[in-house]
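> I would like the atomic coordinates for the input below:
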Amino acid sequence: MKDLRVIFFGTPEFVLPVVKFLHEQEELLGVVTQPDKPKGRGLEVSPSPVKKWALNQGLRVWEPTKLKDPHFWEELKALSLDLIVVFAYGKILPKELLEIPQGGCWNIHLSLLPKYRGASPVQWALLEGERETGVTIMLMDEGMDTGPILLQRAIPIEEEDTTPTLLEKLSHLAVTTLGEALELYKKGELKAKPQPERGVSYAPLLKKEDGFINFEEPALRIENKLRAFTPWPGVYTKFRGKILKIHEAKAQPLSIKKKPGEILKLSPEGILVATSDGALLLKTLQLEGKKRISAYEFAHGQRLKPGDLLTS
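This is a model prediction of the structure:
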């Protein structure tokens with residue numbers, strides 16, 4: 001069968017393996033991405049990774065500020081599209097766009113739908129201590145990740161996975177899953193199935209305050225936050241009126257009940273702190289305005305000792 005005429009909607013760097021695959025395997029007519037935004041300390045206006053890549057390939061780039069623009073719709077209609085493929089674009093597509101391609105609009109979602117609908121499925125799977133996640137290719141409707149499922153593939157979540165490592169694995173799984181779906185589609189064997197009504201959960205957009213912790217939380221929950229919220233929003237607490245970032249920590253069992261936040265032990269491995277359930281071994285810390293150092297160095301610099309409370 002002939003190559004499919006496709007437009008790709010996407011923005012961040014982790015979607016690049018998918019857009020590159022479409023460029024190699026199908027007739028990619030261009031990309032739609034978020035407009036240039038200020039980035040970094042100098043707030044220099046920068047193009048999205050997808051735009052940079054597309055321009056280097058000589059592809060057409062659209063950066064609509066509003067998707068409900070009839071002129072934009074007419075441009076896409078004129079291309080006689082077979083498919084629109086969406087992966088982490090950042091906006092919900094209106095009905096008028098969904099109806100343009102002959103084969104509909106496919107969304108690549110990084111969870112096993114109906115679990116973790118929404119903007120941050122990878123982070124929420126880690127936060128909730130899931131043992132597996134995956135990629136769902138979904139036929140888009142007007143809802144948020146509510147459309148019928150075309151294909152799903154799962155992978156295990158490893159104990160040491162963080163958001164960046166899991167995103168990398170899932171972006172490569174997205175390529176193979178999309179390739180499989182396209183092959184089935186061309187053969188007329190790809191069937192859309194409604195999402196199950198049971199098991200629905202949500203993964204809302206993260207906020208900076210989500211990274212704040214106190215030691216009243218279970219140790220494993222704090223460790224999961226660290227895995228999920230690396231690199232953003234990070235995990236932090238308050239120490240003597242200042243922000244204390246936690247870069248590395250590991251949950252440990254604790255057989256005796258201690259006051260949450262109490263320092264149990266200092267060693268070259270780090271600072272062992274009691275939580276509401278278990279203990280947390282803090283390994284690497286960064287006090288507001290200071291550089292990142294080992295927790296052992298931090299304890300000596302702050303003259304901490306067992307029995308002290310780490311947080312006020």
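
> which residues touch Gln302?
When contacts are counted by C-beta atoms under 8 Å, 6 or more residues apart in numbering, Gln302 is found next to Phe239. In this view, the C-beta of every residue, glycine as well, is placed from N, C-alpha and C.

> now swap in Ala203 and tell me
By C-beta under 8 Å, 6+ apart, the contact set of Ala203 is 111, 116-121, 123-125.

> now Leu59
So Leu59 contacts 23, 28-31 (C-beta under 8 Å, 6+ apart).

> could you redo the last one with a cut-off of 7 Å?
Listed by C-beta atoms under 7 Å, 6 or more residues apart in numbering, the contact partners of Leu59 are 28, 30-31.

> can you check Phe239 too?
Counting by C-beta under 7 Å, 6+ apart, Phe239 touches 287, 310-311.

> Looking at those residues, which gets the smallest pLDDT?
pLDDT across these is lowest for Thr311, at 82.

> what about that residue, which SS state?
Using DSSP: H, G, I helix; E, B strand; the rest coil, the secondary structure recorded for Thr311 is coil.

> And the helices in the stretch 151-300 of the chain, which stretches?
All helices of the stretch 151-300 of the chain, identified by DSSP state H, counting those that start in this stretch, fall at 163-186, 219-228, 295-301.

> For Glu74, which of these is the nearest?
Nearest to Glu74, of all these, is helix 163-186, at 25.8 Å by C-beta to C-beta.

> quick one: that closest one to helix 219-228, angle?
Computed by axes from the mean of the first three to the mean of the last three C-alpha atoms, to 10 degrees, the angle separating helix 163-186 from helix 219-228 equals 70 degrees.

> Report all helices and strands that helix 163-186 contacts.
Helix 163-186 is packed against helix 16-25, helix 121-127, strand 132-139, strand 149-156, with contacts defined by 3 or more C-beta pairs under 7 Å, 6 or more residues apart in numbering; DSSP states H and E.

> Adding distance to Leu304, mean neighbour count and mean pLDDT as columns, could you present those in JSON lines?
Output for the helices and strands packed on helix 163-186, formatted as JSON lines (distance: least, C-beta to C-beta, whole Å; neighbours: other C-beta atoms under 10 Å; pLDDT from 0 to 100):
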{"stretch": "helix 16-25", "distance to Leu304": "44", "mean neighbour count": "18", "mean pLDDT": "98"}
{"stretch": "helix 121-127", "distance to Leu304": "29", "mean neighbour count": "24", "mean pLDDT": "98"}
{"stretch": "strand 132-139", "distance to Leu304": "38", "mean neighbour count": "22", "mean pLDDT": "98"}
{"stretch": "strand 149-156", "distance to Leu304": "38", "mean neighbour count": "17", "mean pLDDT": "98"}
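
> Let me have the ones you listed in CSV, extended by distance to Leu79.
Below are these laid out as CSV (distance: least, C-beta to C-beta, whole Å):
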stretch, distance to Leu79
helix 16-25, 14
helix 121-127, 30
strand 132-139, 20
strand 149-156, 22
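
> Between those, which one is closest to Lys207.
Comparison of those against Lys207 by C-beta to C-beta identifies helix 121-127 as nearest, at 11.6 Å.

> For the closest one, which outside residues touch it?
For helix 121-127, the external contacting residues (C-beta under 7 Å, 6+ apart) are 109-111, 116, 133, 157, 161, 163, 166-167, 170, 203, 206, 224-225, 227-229.

> Buried subset of those residues, written for PyMOL?
Filtering those down to the buried ones (16 or more other C-beta atoms under 10 Å) takes a single PyMOL command:
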select buried, resi 109+110+111+116+133+157+161+163+166+167+170+203+206+224+225+227+228+229
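
> ok so, going back, export the contacts of Phe239 as a markdown table, with columns for distance to Glu297 and neighbour count.
A markdown table is the format used below for the contacts of Phe239 (distance: C-beta to C-beta, whole Å; neighbours: other C-beta atoms under 10 Å):
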| residue | distance to Glu297 | neighbour count |
| --- | --- | --- |
| Leu287 | 11 | 17 |
| Leu310 | 15 | 24 |
| Thr311 | 19 | 16 |
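
> ok, longest strand in the protein?
strand 242-252 (DSSP state E).

> Give me the sheet partners of it and which way each runs.
Using DSSP bridges, the strands paired with strand 242-252 in its sheet are strand 235-239 (antiparallel), strand 279-287 (antiparallel).
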